[in-house]
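>>> Here is a sequence with its predicted model. Questions after.
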Amino acid sequence: MGLQLSGQPMQIKLSDDARVQLSNAVGQLFADEFDRELSEFQAQRLIDFFVRRLGAPVYNQAIQDARGSLQTKLDDLDGELYEPEESG
């Protein structure tokens, strides 16, 4: 997945291998759940749609989750690593 972080709008891109795997999974889902065959083009269009609609919100939520997890760990540093100093 490639991200552009230079002040430009973020573009999430899937690797060719990831696209093939997702396309196969989407095709299998439609066959199993909806008894419908999708062409490669249709599966790719669905992937593009969901990456455009869900990519940024999911990415942003992952960043927020990581930030929260790291902040919790940083907040615990004093309790975990603090060495009391001897006075006097």
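Yep, that arrived.

>>> what's the single longest helix in this protein?
Scanning the chain for the longest helix, with DSSP state H as the assignment, gives helix 40-75.

>>> Excluding chain neighbours, give the residue nearest to the residue most central in space within the chain in space.
Computing the C-alpha centroid of the chain and ranking residues by CA atoms, centre = their mean puts residue 59 first, at 4.6 Å. Excluding its sequence neighbours, the residue lying closest to residue 59 (CB to CB, 6 or more residues apart in numbering) is residue 12, at 6.6 Å. All C-beta atoms are positioned from the backbone trio N, CA, C, and that covers glycine.

>>> Please list all residues in contact with residue 44.
Counting by CB atoms under 8 Å, 6 or more residues apart in numbering, residue 44 touches 19, 23.

>>> again, only using 6 Å
residue 23 (CB atoms under 6 Å, 6 or more residues apart in numbering).
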